[in-house]
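*Asks:* Okay, sequence plus prediction incoming.
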Amino acid sequence: EKSLVTHTNNSDLLLNLGNLHYLDNDFSKSKDCHIRALMNGANESLVLVNLCQTLRKLADWDLLREYESRLSNLTIQDLQSNKIPAEAPLHCMLRCDDPSLLKSVTKAHASVLPNQLKLPERQKGKRLRLGFVSDDLREHPVAHLLCPILKNLDKNRFETTLFWYGKGDNSEIRKRLFESVDHVHNLRQDYLNSRAEILNLNIDLLFDLKGWTINHYQALFSLRAAPIQITFLGFAGGTQNPCMDYLIADNVVAKNKEHFSESLVQMEHGFMPFGSEVTISSPVFQRKDFGLPENQIIAAVCVATDKLTQELFLAWTRCFKKVKNSCLWILSSRPEDRQQIRKLWLSQGLSMDRLHFQRKPSTRDSGFLSKQEHLARISLADLVLDSWVYNGHSSTVDAIQARVPILCCLGSNWASRTSASILKSVGLNKFTCTDKSEYEEYLDLLLSNPGLLNEWTLAFQKIDLSQHFSNWMNEFQSKLE
């Protein structure tokens, strides 16, 4: 900021300052800095990647459409010129439901990974030694999905080690994770030294829990730190990393094998692990705690607002215009993105008393909701609405655990097929819409037909989550062996 006083239009300063504002969750300032950087000749592709992600956070869909179009063209140009696009795989899958394009973008980024070192020989032990690498071993969806697995692995067959890096926290889930394994190691050094540390422990199967998400460790895996390396859970797709041997998948998300460089471990019970470990023992909240109407059908949105699109939101508004006794509850919004959402809602002739944003109960000023409280909050809704292009992952699991029916749409890419995979794994695949028009048609029916909505609710209440998780764990352990 001080430098910009004397170097007003320095594009690098503006880009970096915009990124700092983004990390500080000040998305309006981030947007302004990125647009100024773009106007002053900064690296166009790099700025557009950051700007588009900021606009998603703000739900500024009009500007997003304009800049995403420019970014899409630049990404394709880079790929055609054998250049590595500035757009990362994660950003690509947020805006686009094209598995071939995602494969090309991912392969381009994987092309600059360090060269593979000598494949380590397996040192056989009494138990299979499993290692899990991630910086998300904290209050994070991956941690909540991983913890029941580690807790329920057969200790006579498997020895487990967590390898964490980055920032930790003092969360309850982190404590439970660390208590569920045999060993915990903090990887604080560079990739080569981290590899040596892992090799010294003779890990048999090393799990990558990041894929190409932020702060990934693909470079470590490209150096080969274990005889068998598996990518799992943290990324909605393959890595194109030549040293990644396997990918935990199922026949819904991994429809076409040619899109993946890894060998697919096809799970009969779905790739996503979840069960009934977290339950709602008694009514925790009432609708009035969140300012919600008692006698209206409430459709909740649990995914982050940066996964929403204008096309999806307008489909929602068309249905709510037809059914007066209904309202939309967006649980995941921030104050900054509400302005654009309210503006679009009002432009469609809908009143503000049918749009709700409150995330925390009126009885609590601050503090983090526990998993049980979060599920109890979702259970106040009659229906959960999933997102297009990039589905809910843990949020879809949350809806099932809260016993609330979820409406989802089957897409072309792993990220847009995740909810369909989760529903199929518990025998509810008939509730997945095959395209966007069917999604809108069913939303219209569910809002206007309480009888149909009750049928859906009963189907979700009958799921035996405990048995499902038991089946999943048995299959998972057999596959590892």
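*Replies:* Ah, there it is.

*Asks:* tell me which residues in stretch 83-91 are buried?
*Replies:* Burial within stretch 83-91, assessed by neighbour count using 16 or more other Cβ atoms under 10 Å, is assigned to Pro85, Ala86, Glu87, Ala88, Pro89, Leu90, His91. C-beta: built from backbone N, CA, C; applies to glycine.

*Asks:* now what about the helix or strand hosting Leu423, what contacts it?
*Replies:* Using DSSP states H and E, Leu423 falls within helix 418-425. Contacts to helix 418-425, defined as Cβ atoms under 8 Å, 6 or more residues apart in numbering, come from residues 236, 250, 252-253, 269-272, 274, 386, 391-393, 396-397, 400, 406, 408, 410, 429, 431-432, 468, 472.

*Asks:* Ok, stretch 97-107 next?
*Replies:* With contact meaning Cβ under 8 Å, 6+ apart, stretch 97-107 is reached by 75-76, 79, 85, 87-89, 92-93, 96, 212, 237-240, 256, 259, 261, 388-389, 411-416.

*Asks:* and the residue nearest the centre of the chain, how far is that from Ser333?
*Replies:* Most central in the chain under Cα atoms, centre = their mean is His393, positioned 5.5 Å from the mean C-alpha point. Separation of His393 from Ser333 (Cβ to Cβ, to the nearest Å) stands at 19 Å.

*Asks:* Now do Ser104: how many residues are near it, please.
*Replies:* The tally of other residues near Ser104 (other Cβ atoms under 10 Å) stands at 20.

*Asks:* Following the chain onward from the helix or strand harbouring it, which element is next?
*Replies:* Remark: Ser104 resides in helix 99-110, with elements defined by DSSP H and E. As assigned by DSSP H and E, the chain's next helix or strand after helix 99-110 is strand 128-134.

*Asks:* can you give me the helices in the stretch 251-400 of the chain?
*Replies:* In the stretch 251-400 of the chain, the segments counted as helices under DSSP state H, counting those that start in this stretch are 310-322, 335-347, 371-378, 394-401.

*Asks:* Between helix 418-425 and the last one, find me the angle.
*Replies:* Same thing as helix 394-401. On the basis of axes from the mean of the first three to the mean of the last three Cα atoms, to 10 degrees, helix 394-401 is oriented at 30 degrees to helix 418-425.

*Asks:* Now helix 394-401: average pLDDT?
*Replies:* The average of the pLDDT scores along helix 394-401 is 93.

*Asks:* can you give me how far it is from the chain middle?
*Replies:* 12 Å (Cα atoms, centre = their mean, to the nearest Å).

*Asks:* Which helix or strand lies directly C-terminal to that helix?
*Replies:* strand 406-409.

*Asks:* who touches that next one?
*Replies:* By Cβ under 8 Å, 6+ apart, strand 406-409 touches 383-386, 388, 391-392, 396, 399-400, 416, 419-420, 423, 431-436, 438-439, 442-443, 446.

*Asks:* Just the buried ones among those residues, please.
*Replies:* The buried subset of the contacts of strand 406-409 - by 16+ other Cβ under 10 Å - is 383-386, 388, 391-392, 396, 399-400, 416, 419-420, 423, 431-433, 439, 442-443, 446.

*Asks:* Direction included, what does whichever helix or strand comes after the helix holding Leu423 pair against?
*Replies:* Sequence order places strand 432-433 as the next helix or strand after helix 418-425, per DSSP H and E. Sheet pairing for strand 432-433, assigned by DSSP bridges, gives strand 406-409 (parallel).

*Asks:* between the buried residues of stretch 83-91, which is closest to Asn193?
*Replies:* Ala88 (25.5 Å; Cβ to Cβ).

*Asks:* what about the helix or strand where Ser69 lies, distance to the chain center?
*Replies:* Per DSSP H and E: Ser69 is located in helix 61-80. Helix 61-80 sits 22 Å away from the centroid of its parent chain (Cα atoms, centre = their mean).

*Asks:* Skip the chain neighbours and tell me the closest residue to Ala226.
*Replies:* Leu206 (3.6 Å; Cβ to Cβ, 6 or more residues apart in numbering).

*Asks:* Please name the strands paired to the helix or strand harbouring that neighbour in the sheet, noting orientation.
*Replies:* Per DSSP H and E, Leu206 falls inside strand 205-208. Sheet pairing of strand 205-208 (DSSP bridges) gives strand 128-134 (parallel), strand 228-231 (parallel).

*Asks:* Determine the number of other residues adjacent to the nearest residue in space to Ile330 that is not next to it in sequence.
*Replies:* Leaving aside its chain neighbours, Ile330 sits nearest to Val301 (4.6 Å; criterion: Cβ to Cβ, 6+ apart). With neighbours defined by other Cβ under 10 Å, the count for Val301 comes to 26.

*Asks:* again with Gln53
*Replies:* Per other Cβ under 10 Å, the neighbour tally for Gln53 reads 21.

*Asks:* Please identify which helix or strand holds it.
*Replies:* Assigned by DSSP H and E, Gln53 falls within helix 44-58.

*Asks:* counting contacts, what elements does that helix pack onto?
*Replies:* Contact here means 3 or more Cβ pairs under 8 Å, 6 or more residues apart in numbering; DSSP states H and E; on that basis helix 44-58 packs against helix 11-23, helix 27-39, helix 61-80, helix 89-95, helix 335-347.

*Asks:* Now with 6 Å, please.
*Replies:* Secondary-structure packing of helix 44-58 (3 or more Cβ pairs under 6 Å, 6 or more residues apart in numbering; DSSP states H and E): helix 27-39, helix 61-80.

*Asks:* so which of those gets nearest Met352?
*Replies:* Of the helices and strands packed on helix 44-58, the one closest to Met352 (Cβ to Cβ) turns out to be helix 61-80, at 18.9 Å.

*Asks:* Just the mean pLDDT for the closest one, thanks.
*Replies:* pLDDT averaged over helix 61-80 gives 96.

*Asks:* likewise stretch 10-26?
*Replies:* Here stretch 10-26 scores 93 as its mean pLDDT.

*Asks:* if we look at it, which residues are touching it?
*Replies:* 3-4, 29-30, 33-34, 36-37, 40-42, 47, 54 (Cβ atoms under 6 Å, 6 or more residues apart in numbering).

*Asks:* now do stretch 30-44
*Replies:* So stretch 30-44 is contacted by Asn9, Ser11, Leu14, Leu15, Leu17, Gly18, His21, Tyr22, Val47, Asn50, Leu51, Thr54 (Cβ under 6 Å, 6+ apart).

*Asks:* can you do 7 Å?
*Replies:* 9, 11-12, 14-15, 17-18, 21-22, 47, 50-51, 54-55, 58, 74 (Cβ atoms under 7 Å, 6 or more residues apart in numbering).

*Asks:* For it, C-alpha coordinates in PDB please.
*Replies:* C-alpha atoms of stretch 30-44 as PDB (Å, rounded to 0.1, in the frame of the first residue of the first chain):
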ATOM      1  CA  SER A  30      -9.400  -7.600  -3.900                       C
ATOM      2  CA  LYS A  31     -11.700  -7.100  -7.000                       C
ATOM      3  CA  ASP A  32     -10.700  -3.500  -7.300                       C
ATOM      4  CA  CYS A  33      -7.000  -4.200  -7.200                       C
ATOM      5  CA  HIS A  34      -7.200  -7.000  -9.700                       C
ATOM      6  CA  ILE A  35      -9.200  -4.900 -12.200                       C
ATOM      7  CA  ARG A  36      -6.700  -2.100 -11.800                       C
ATOM      8  CA  ALA A  37      -3.800  -4.600 -12.400                       C
ATOM      9  CA  LEU A  38      -5.600  -5.900 -15.500                       C
ATOM     10  CA  MET A  39      -5.900  -2.300 -16.800                       C
ATOM     11  CA  ASN A  40      -2.200  -1.600 -16.200                       C
ATOM     12  CA  GLY A  41      -0.700  -4.400 -18.200                       C
ATOM     13  CA  ALA A  42      -0.200  -7.200 -15.700                       C
ATOM     14  CA  ASN A  43       0.100 -10.800 -16.800                       C
ATOM     15  CA  GLU A  44      -3.500 -11.100 -18.200                       C
END
